[in-house]
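Student: any chance you can model this:
(one chain, ligands or ions: 1)
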Amino acid sequence: MEFADTPTESAWRNEVRTFLKNEYTGMGEDGSVEGGLFDRGERMKEWRCRVVKKGWVAPAWPKEYGGAGLGVKEQFIMNEEFAEAGAPQVGGFGVMMFGPTLIVHGTEEQKKEHLAGILNGETLWCQGWSEPGAGSDVASLQTRAVRDGDDYVLNGQKIWTTGAQHADWMYMLARTDPDAPKHRGISYLMVDMKAPGVSVRPLTTMAGSQTFNEVFFENVRVPVRNRLGEENRGWYIGTTTLDFERSSIGSAVGIRKTLEGYLKYAAAFPSHVTFSTRPQLRLEFADRWIEAQVAKFLSYRVVTMQARGEIPNYESSMTKLYASELGQRISALGMHMLGLGGQLLARKGPHARMGGRMGPGYLGAVSATIAGGTSEIQRNIIAQRGLGLPRD
Ligand SMILES: Cc1cc2nc3c(=O)[nH]c(=O)nc-3n(C[C@H](O)[C@H](O)[C@H](O)COP(=O)(O)OP(=O)(O)OC[C@H]3O[C@@H](n4cnc5c(N)ncnc54)[C@H](O)[C@@H]3O)c2cc1C
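Tutor: Numbers count the residues shown, from 1 in each chain. You can find the predicted model right below:
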């Protein structure tokens, strides 16, 4: 990897920095974004408008579809700078997952109906893959879509659906041929979340937030024209991606910034955090700081491969596994720093510690090693594809 930017990359980095400096004014008091990608609040709306106007909502999409048409290295620099500025990405599932699939497999009519709404942030999409009996092994899904004239009739249940309570549409996989081998009897459908028979039940995480949901389908009629690609080919369609950079550099930068935040807090509130009298805490902090650098270099490895036209495989699993587990160790460090005070939820007042964010953050970090493929699944990939170990 060449660590220094080329002159062209450096000019691009400056352009992104200048944009962020002039246009990004922060989100909340504490920099947090309510509801993340599904946030419809005024500040998020304003920020989204600025990114839309600049044409940077979908960095990887081809220009002919309203994307920025950036190469992986340019996307990497953009993602790195957004993370450095603490500026949230605005695209969500629509830009990252559904849009690319629609561009490759959609009919002209389907593209016309949906792409513009994704780009301008008017329509929010959620992802209906997981079911109570199908998570790591999604192909075991049981939600049924039975053809009836020009519609499919949908019955079944999805679970852990992030943002379903805010979403306008869901892209999802349903079983259309129960007799075929499991990967070959699945179709890819677009479901209007306001259609009769769709109901959403929010789930509360142990951190107290309602980010994901159960979604039930009871005789929901989905027009056949809302199927993407051929019937029973949905599994293969669901794996389509565009040339997104997959380095997770945003999370590597975020990890380092969290540690910097801890340092700033310790300096500002020496009575809450005393590094001087707790050598063990200093060592713990130093270990996490080194690991944050490792996370960054793992990200660099992935983007270097992509920039060379190679497709990262177990290397992305290493990045995901390492960053998500490190995130948990860093939350644990935060709790060690604050002691019992870290559990307090008070945002302000004499007993408040770090705006009451540490406890929920610590609990929230647990989900990172489950979402997007569990640590065990990542380890399987690394063992089999990276180390060449046998399957059983
Ligand atoms: C915060 C969050 C957001 C999510 N958002 C969405 C979303 O928007 N849409 C969506 O469709 N899903 C979403 N999910 C679901 C997520 O994709 C699944 O939780 C994940 O794939 C694991 O599936 P599962 O929960 O069914 O666990 P299981 O697959 O049942 O796994 C249970 C345990 O068994 C282990 N295990 C399973 N298979 C193997 C194996 N072959 N080898 C070794 N160990 C194994 C797992 O690692 C785990 O520890 C979200 C999950 C979280 C936590």
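
Student: need the residues of the stretch 101-250 of the chain near the ligand, please.
Tutor: Contact residues, the stretch 101-250 of the chain versus the ligand (Cβ under 6 Å from any ligand atom): Cys126, Gln127, Gly128, Trp129, Ser130, Gly135, Ser136, Trp160, Thr161, Thr162, Phe212. Glycine gets a C-beta too; all of them are placed from N, C-alpha and C.

Student: mean confidence score for stretch 102-118?
Tutor: In this model, stretch 102-118 carries a mean pLDDT of 96.

Student: chain center to it, what's the gap?
Tutor: Centre-to-centre, stretch 102-118 and its host chain are 22 Å apart (Cα atoms, centre = their mean, to the nearest Å).

Student: what segments of this structure are helices?
Tutor: 7-23, 42-54, 72-85, 92-93, 99-105, 108-119, 234-237, 249-268, 279-307, 314-338, 358-364, 375-381 (DSSP state H).

Student: just name the most buried of those.
Tutor: Comparing the helices of the chain by mean neighbour count (mean count of other Cβ atoms under 10 Å), helix 92-93 ranks first with a mean of 24.

Student: so does that helix get close to the ligand?
Tutor: No: between helix 92-93 and the ligand, judged by Cβ under 6 Å from any ligand atom, nothing touches; the nearest distance is 7.2 Å.

Student: quick one on the thing from earlier: show me which of the residues of the stretch 101-250 of the chain next to the ligand are buried.
Tutor: Among these, those buried by neighbour count (16 or more other Cβ atoms under 10 Å) are Cys126, Gln127, Gly128, Trp129, Ser130, Gly135, Trp160, Thr161, Thr162, Phe212.

Student: go through those residues and say which is closest to Gly373.
Tutor: Minimum distance to Gly373 across those is 9.5 Å, recorded for Gly135 (Cβ to Cβ).

Student: ok, for that closest one, nearest residue in space, not its chain neighbours?
Tutor: Trp160 (7.6 Å; Cβ to Cβ, 6 or more residues apart in numbering).

Student: and the one you found, how close does it get to Gly388?
Tutor: From Trp160 across to Gly388, the span is 32 Å (Cβ to Cβ, to the nearest Å).

Student: so which residue of this structure comes closest to the ligand?
Tutor: Here the chain gets closest to the ligand at one residue, Gly135, 1.8 Å apart by Cβ to the nearest ligand atom.

Student: what's the spacing between the closest residue to Asp148 other than its chain neighbours and Leu154?
Tutor: Leaving aside its chain neighbours, Asp148 sits nearest to Arg221 (7.8 Å; criterion: Cβ to Cβ, 6+ apart). To Leu154, Arg221 is 8 Å away according to Cβ to Cβ.

Student: shared neighbours, those two?
Tutor: Residues touching both Arg221 and Leu154 (Cβ atoms under 8 Å, 6 or more residues apart in numbering) are Gly197.

Student: the more surrounded of these two?
Tutor: Between Arg221 and Leu154, Leu154 has the larger neighbour count (other Cβ atoms under 10 Å), namely 22 against 17.

Student: any idea of the pLDDT on the more buried one?
Tutor: 98.

Student: kindly report the same for Glu2.
Tutor: At Glu2, pLDDT is 78.

Student: residues near it, how many?
Tutor: For Glu2, using other Cβ under 10 Å, the count is 9.

Student: where does the prediction get shaky in the chain?
Tutor: 28-38, 40 (pLDDT under 70).

Student: give me that answer again for 50
Tutor: 30-35 (pLDDT under 50).

Student: quick one, longest strand in it?
Tutor: When the chain is parsed with DSSP state E, its longest strand is strand 212-223.

Student: given it, what are its sheet partners and their directions?
Tutor: Sheet pairing for strand 212-223, assigned by DSSP bridges, gives strand 151-159 (antiparallel), strand 198-203 (antiparallel).

Student: what residues of it count as buried?
Tutor: Buried-residue list, strand 212-223, by 16+ other Cβ under 10 Å: Phe212, Asn213, Glu214, Val215, Phe216, Phe217, Val220, Arg221, Val222.

Student: how about the residues you listed in CSV, adding distance to Ser324?
Tutor: Below are the buried residues of strand 212-223 laid out as CSV (distance: Cβ to Cβ, whole Å):
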residue, distance to Ser324
Phe212, 17
Asn213, 22
Glu214, 24
Val215, 25
Phe216, 30
Phe217, 31
Val220, 34
Arg221, 39
Val222, 34
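
Student: just those residues now: which is nearest Ile186?
Tutor: Out of the buried residues of strand 212-223, the member with the shortest distance to Ile186 (by Cβ to Cβ) is Val222, at 14.2 Å.

Student: and the closest one, how close does it get to Ser187?
Tutor: From Val222 to Ser187 the distance is 10 Å (Cβ to Cβ).

Student: where do the contact lists of the two overlap?
Tutor: Joint contacts of Val222 and Ser187 (Cβ under 8 Å, 6+ apart) are Ala145, Tyr152.

Student: adding distance to Pro279, write the strands paired with strand 212-223 out as CSV.
Tutor: Listed next are those as CSV, based on distance: least, Cβ to Cβ, whole Å:
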stretch, distance to Pro279
strand 151-159, 45
strand 198-203, 42
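
Student: pick the most buried one from these.
Tutor: strand 151-159 (a mean of 20).

Student: run the chain-centre distance for that strand.
Tutor: Centroid separation between strand 151-159 and its chain, computed with Cα atoms, centre = their mean, is 25 Å.

Student: cool, and stretch 245-258?
Tutor: 12 Å.

Student: next one: stretch 306-326
Tutor: Using Cα atoms, centre = their mean, the offset of stretch 306-326 from its chain centre is 15 Å.
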